[in-house]
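S.K.: I need the structure of the sequence given here:
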Amino acid sequence: MQGHRIGYIRVSSFDQNPERQLEQVKVRKVFTDKSSGKDTERPALEELLAFVREGDTVVVHSMDRLARNLDDLRRLVQQLTKRGVRIEFVKECLTFTGEDSPMANLLLSVMGAFAEFERALIRERQREGIALAKQRGAYRGRKKALSPEQVAELRQRASTGEQKAKLAREFGISRETLYQYLRTDD
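M.R.: This next block holds a predicted model:
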């Protein structure tokens, strides 16, 4: 049975251009996540996994766009191929069907390990760059989610016993961010 070609795109930030990943690749439907590769919350990937059927082919620009690490990559490829779904990685020119040879499995592991290694190098360079910028006084960190006035209101309302989950929703922040504002004095 010949299925459909389904695309999956993941970009790390909202300002990145997702179209370039699968341009000139014919697919019937595309699922796009705008989140970091380290995030476990990838709603479009979950939708794709629920959508694809036996005989379909999932097309992804590269392995690092699909998975957070080697274990995640192997799990996802295995999960799809067990259901009779092919997976095609455009950049690496690799396709996995579930009837793969030991060489194909080795390539999946090696290429996935390289992608994971590359991600680790990027994080290391980012940490080094931030440390140097801090030394020069050029790094200010992430912009605060709330203004000083909002923080004062948040603290005052939390001190009166208002539910923290309700406050976090109202101020548009996570509960962890709310607790950070309640712990710090700035």
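
S.K.: where in this protein is pLDDT low?
M.R.: Confidence mapping of the chain against pLDDT under 70 gives the ranges 1, 13-18, 36-40, 185-186.

S.K.: hey, where'd the strands end up in it?
M.R.: 5-11, 29-34, 57-60, 86-89, 94-96 (DSSP state E).

S.K.: What is the fourth one packed up against?
M.R.: The helices and strands touching strand 86-89, judged by 3 or more CB pairs under 8 Å, 6 or more residues apart in numbering; DSSP states H and E, are strand 57-60, helix 63-66, helix 70-82, strand 94-96. Quick note: C-beta positions are derived from backbone N, CA and C, even for glycine.

S.K.: Distance to residue 116 and mean neighbour count for those - can I get that in CSV?
M.R.: Shown next, in CSV, are the helices and strands packed on strand 86-89 (distance: least, CB to CB, whole Å; neighbours: other CB atoms under 10 Å):
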stretch, distance to residue 116, mean neighbour count
strand 57-60, 16, 24
helix 63-66, 8, 23
helix 70-82, 5, 16
strand 94-96, 16, 17
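
S.K.: TSV for the ones you listed, including distance to residue 159?
M.R.: TSV is the format used below for these (distance: least, CB to CB, whole Å):
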stretch	distance to residue 159
strand 57-60	49
helix 63-66	45
helix 70-82	42
strand 94-96	56
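
S.K.: closest to residue 143 out of those?
M.R.: Shortest separation from residue 143 across the helices and strands packed on strand 86-89 is recorded for helix 63-66, at 27.6 Å, computed as CB to CB.

S.K.: Name the residues that touch that closest one?
M.R.: Contacts with helix 63-66, where a contact means CB atoms under 8 Å, 6 or more residues apart in numbering, come from 8-10, 21, 37, 45, 60, 73, 76, 87, 89, 91-92, 111-112, 115, 118-119.

S.K.: Just the buried ones out of those, please.
M.R.: Burial by neighbour count, 16 or more other CB atoms under 10 Å: within these this picks out 8-10, 21, 37, 45, 60, 73, 76, 87, 89, 92, 111-112, 115.

S.K.: Return the set of buried residues in stretch 34-54.
M.R.: Under 16+ other CB under 10 Å, the buried positions of stretch 34-54 are 34-35, 37, 42, 44-45, 48-49, 52.

S.K.: Next, the distance between the ends of it.
M.R.: End-to-end span of stretch 34-54 (CA to CA, to the nearest Å): 27 Å.
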